[in-house]
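*Asks:* Structure of the sequence below:
(chains A, B, C, D, E and F)
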Number of protein chains: 4
Amino acid sequence: MSGANLSASSASRRAGRGRIDKRHAILDAAFVVFAREGYGKASVDAIADEAGVAKPTLYNHFGGKEDLFREAMAATAEQATAKSLAVVAGLASDVEDLSGVLADVGYRLLLCHSSDEAWALRRLLYAEISRFPELFDKVWGHGPNQLSEALADRLARLALAGRLRLTDPVRAAEQFVALLTGPLEGRTVLGTRTVSDDELRATVAAAVGTFISAFAVAVE
Amino acid sequence: MSGANLSASSASRRAGRGRIDKRHAILDAAFVVFAREGYGKASVDAIADEAGVAKPTLYNHFGGKEDLFREAMAATAEQATAKSLAVVAGLASDVEDLSGVLADVGYRLLLCHSSDEAWALRRLLYAEISRFPELFDKVWGHGPNQLSEALADRLARLALAGRLRLTDPVRAAEQFVALLTGPLEGRTVLGTRTVSDDELRATVAAAVGTFISAFAVAVE
Amino acid sequence: MSGANLSASSASRRAGRGRIDKRHAILDAAFVVFAREGYGKASVDAIADEAGVAKPTLYNHFGGKEDLFREAMAATAEQATAKSLAVVAGLASDVEDLSGVLADVGYRLLLCHSSDEAWALRRLLYAEISRFPELFDKVWGHGPNQLSEALADRLARLALAGRLRLTDPVRAAEQFVALLTGPLEGRTVLGTRTVSDDELRATVAAAVGTFISAFAVAVE
Amino acid sequence: MSGANLSASSASRRAGRGRIDKRHAILDAAFVVFAREGYGKASVDAIADEAGVAKPTLYNHFGGKEDLFREAMAATAEQATAKSLAVVAGLASDVEDLSGVLADVGYRLLLCHSSDEAWALRRLLYAEISRFPELFDKVWGHGPNQLSEALADRLARLALAGRLRLTDPVRAAEQFVALLTGPLEGRTVLGTRTVSDDELRATVAAAVGTFISAFAVAVE
DNA sequence: GATGAATGAGGTTTCATTCAT
DNA sequence: AATGAATGAAACCTCATTCAT
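*Replies:* Below you'll find the predicted structure:
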């Protein structure tokens, strides 16, 4: 969560393996620089340097700074979304230890949420939502929101299986995510400070505890 | 919630009432422009225009763009914080209808949270936290966080009064706030879209419902 | 020669002894700042600060930056000139040890020439001669040039007394000054480095030696 | 000597002969403008205009105003130095008419010293020595100082050849230069006024006369 | 007479973008 | 397709100067 792993993998950049992935290198570099400097202060020069290409090359691949931002955000968001969805996909409906399984899913969701890329994405989205309103769907709609929908599906099946008492699965999913992530916003200082794994797990435990208390069907 | 009422009241600007409030006019204008453009793209020229003063006046009052940003954020945060704290201060511990009271407090907190200023503050804080790390304490620490502490105090007293079953009041307060605000982040598209009052109240009801289910001591 | 004694005497500035010498304080401060920053980079603010007065006060006393420069240069030049002329005035025509007397006068002239004020004056004059051509007369004409004239008078009397063989006393005076000061320009790095008193005296000795060899009437 | 021939030759500027000499054009223009306005008042805009390039081009070639000044000074100083050294190089040690040869060398040195570029160099060096102390070596050390050394070599050989009586050739060289240039500083008003060729030659004659009187071995 | 506050103009520098190669 | 070099526009900031008190 600290910030080191945000540097674009320089292997593919450095290696002249071809020019098929020059576009990829630019996108990676762009996200790195945007994450570090913000959209307004990030300079196309810095992105070109980070990508190891000349500026006109960058303009040949993308229309300009705005398009580059859009595409870099979309590309990174896609990866982040996939990870979260993969976690949710692992939530089965025929579980024994519901609390334990929710805690496991919650913990892994929180890891996704706490990655440097995820924080950078959210920060940039927050910052530029008014200049790039369409980014919301690409980043959030295909991110936590899509996440809420996917999670709602799983919760609905748990309700059908008699393990949860739900009237609105989407709302419940939103609340589960909120209970997980909300308390950590302040504690991580918006992702700029690392929290210990213990604190992470404690937050998960508290979230799951509250969620279970509110929604679980008591076992006999 | 839409964005119209973010323009600084021009009455005090136009009136040459003195120069004591020129500083105030600059701070107001600065926040308006920063909120509209973001820190990086906001130009000092635009701020000076919005404030109705010349640029050097602005530099005489503040050291530069960075300081101006800091002070504008702090000033707006102070106001926002005060409102939220006032709401929490109204949460008594000897209440009859606990659900109703929590819903009332929650609704009013959500109004605070949903104001244009509050969203703008959070967006700017998210965007610039790495360039201005010290802002977190001023904006969030004296904002939702201070809010969590104040709310925790009240919840603790409700626990003492036998109305809530709490092990960690701060955690509970964080969760209450998370249940209120989390689901609305996506639904308001980070504050750029207005949600109906009905949806607001529904979110509050759901949050209070979950909270009560999880923490309320059952009445006989 | 180092640079410490260029700060305006703050005693008269600090003491509210009256306002008769506020003009003096401003002139002193102006020269200090001009010497430190150069005319172009010196700011009126800095001068006002150094003088301990407000900017409008300065504008009440002088017309603006240009006039202030002119007057500050003139005032400092007057002092510097007076010192040099006083040295020359001490050169009598009925001397026994001509070499020794010339060395003495030369040494004291060189001290005048090497003072911080003198170097600052020359540097500013060199720098701004095209913007302030009239300064030449005030600074140089009333300085080394006036010096040449005064020295020429004394040399002429020594010639009349049969001690020197001169066709053009002014030329001889110029050459005497040149022999004294010329070699030191490079050695002091235009006045920014201190030279030892030994080197000063050696330069004087060499200058006087050459001058005597060229112009002295051999004693029997 | 008046100032007209300081404008950069516009031929190469106008002709788009390539971009190899754009750097040269900028350096020339920079020196012209710095000489005319001084470092502080010279604007980068004016330099870019004079060079016929856009401002960013200038910033691409040089780091900023300071570096540009350094390089412009160095470039001009190099040319000026070369000319003076070439003159000294022509001073042979097996001369018949020592006076005549010294006068010839002196005259040509004085022409170098009196050129507009040389005066501008010295004025700028004097003016900015405290802000750019390292310029001294580039301009003066490689200029008159290097000149003194080269001249000292030649004088030493003349001493070996029995034509001069010297104890310290460097000192003698410094004095020769001082006798040549010193009297002209005042007479040309620091290079801002033209002196007639007659006056130039008279100064040379006087300098050589004094030098010969002081150092020449009497011919039998 | 002295001043805190204000300003129009202009400073250096950097930016996103485009040629010509 | 890729690039070194160039640019118009605009950024932040500072200056000499003047009000109104």
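
*Asks:* rest of the way, CA atoms for contacts and neighbours
*Replies:* Noted.

*Asks:* Return the residues in contact with residue A:53.
*Replies:* residue A:26 (CA atoms under 8 Å, 6 or more residues apart in numbering or on different chains).

*Asks:* Tell me the pLDDT of it.
*Replies:* With respect to pLDDT, residue A:53 scores 92.

*Asks:* now swap in residue A:138 and tell me
*Replies:* 86.

*Asks:* Next: the one 10 residues further on.
*Replies:* Confidence per residue is given as pLDDT, and for residue A:148 that number is 92.

*Asks:* what's the helix or strand for it?
*Replies:* helix A:146-160 (DSSP states H and E).

*Asks:* And that helix, what's buried?
*Replies:* A:146-159 (16 or more other CA atoms under 10 Å in any protein chain shown).

*Asks:* okay if I get these as TSV plus distance to residue A:212?
*Replies:* Output for those, formatted as TSV (distance: CA to CA, whole Å):
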residue	distance to residue A:212
A:146	23
A:147	20
A:148	17
A:149	19
A:150	19
A:151	15
A:152	15
A:153	17
A:154	15
A:155	12
A:156	14
A:157	16
A:158	12
A:159	12
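
*Asks:* for these, which one is nearest chain D?
*Replies:* residue A:146 (46.6 Å; CA to the nearest CA).

*Asks:* just to revisit the earlier point, now the angle from the next helix or strand after the helix holding residue A:148 to helix B:169-187?
*Replies:* Downstream of helix A:146-160, the first helix or strand assigned by DSSP H and E is helix A:169-187. Here helix A:169-187 runs at an angle of 120 degrees relative to helix B:169-187 (axes from the mean of the first three to the mean of the last three CA atoms, to 10 degrees).

*Asks:* Which element is encountered next along the chain beyond helix A:169-187?
*Replies:* Scanning onward from helix A:169-187 (DSSP H and E), the first element met is helix A:197-215.

*Asks:* Buried residues of that next one, list them for me.
*Replies:* A:200-201, A:203-215.

*Asks:* List the buried residues in the helix ranked longest in chain A.
*Replies:* If you go by DSSP state H, chain A has its longest helix at helix A:65-89. By 16+ other CA under 10 Å, the buried positions in helix A:65-89 come out as A:65, A:68-77, A:80-81, A:83-85, A:87-88.

*Asks:* got the angle for that helix vs helix A:146-160?
*Replies:* 20 degrees.

*Asks:* other SSEs contacting the helix or strand following helix A:65-89?
*Replies:* Once the chain leaves helix A:65-89, the next helix or strand it forms, by DSSP H and E, is helix A:98-114. In terms of contacts (3 or more CA pairs under 8 Å, 6 or more residues apart in numbering or on different chains; DSSP states H and E), helix A:98-114 is packed against helix A:65-89, helix A:169-187, helix A:197-215.

*Asks:* can the longest one be found next to DNA strand E?
*Replies:* What it means is helix A:65-89. Yes. Counting by CA under 7 Å from any atom of the strand, contacts between helix A:65-89 and DNA strand E involve A:65, A:66.

*Asks:* Kindly export stretch A:102-120 (C-alpha atoms) in CSV.
*Replies:* Output in CSV follows, covering the C-alpha atoms of stretch A:102-120 (Å, rounded to 0.1, in the frame of the first residue of the first chain):
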residue,chain,number,x,y,z
LEU,A,102,-17.5,-13.1,4.6
ALA,A,103,-14.4,-12.2,6.5
ASP,A,104,-12.2,-13.8,4.0
VAL,A,105,-14.0,-12.1,1.1
GLY,A,106,-14.0,-8.9,2.9
TYR,A,107,-10.3,-9.1,3.7
ARG,A,108,-9.4,-9.7,0.1
LEU,A,109,-11.7,-6.9,-1.1
LEU,A,110,-10.0,-4.6,1.3
LEU,A,111,-6.7,-5.6,-0.1
CYS,A,112,-7.9,-4.7,-3.6
HIS,A,113,-9.3,-1.4,-2.2
SER,A,114,-6.0,-0.6,-0.5
SER,A,115,-3.7,-1.1,-3.4
ASP,A,116,-1.8,1.9,-4.6
GLU,A,117,-3.4,1.7,-8.0
ALA,A,118,-6.9,1.6,-6.4
TRP,A,119,-6.2,4.6,-4.3
ALA,A,120,-4.6,6.5,-7.2
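
*Asks:* Listing request: residues of chain A with sub-threshold pLDDT.
*Replies:* A:1-20, A:142-144, A:219-220 (pLDDT under 70).

*Asks:* what does it put close to chain B?
*Replies:* A:36, A:38-41, A:123-124, A:126-131, A:136, A:140-141, A:145, A:171, A:174-175, A:177-179, A:182-183, A:186, A:189-190, A:192, A:206-207, A:210-215 (CA under 8 Å from any CA of the partner chain).

*Asks:* Pull out the buried members of the residues you listed.
*Replies:* Buried, going by 16+ other CA under 10 Å: A:36, A:38-40, A:123-124, A:126-130, A:136, A:140-141, A:145, A:171, A:174-175, A:177-179, A:182-183, A:186, A:189-190, A:192, A:206-207, A:210-215, out of the residues of chain A next to chain B.

*Asks:* Check whether residue A:93 really touches residue A:162, as I assumed.
*Replies:* No. In this structure, residue A:93 is not within contact of residue A:162 by CA atoms under 8 Å, at 9.7 Å.

*Asks:* more crowded one of the two?
*Replies:* When residue A:93 and residue A:162 are compared for neighbours, residue A:93 comes out ahead with 18 against 15, by other CA atoms under 10 Å in any protein chain shown.

*Asks:* residue contacts, the closest residue to the more buried one other than its chain neighbours?
*Replies:* In this structure, residue A:93 finds its nearest non-sequential neighbour in residue A:158, 5.1 Å apart by CA to CA, 6 or more residues apart in numbering or on different chains. Residues in contact with residue A:158, defined by CA under 8 Å, 6+ apart, are A:93, A:94, A:164.
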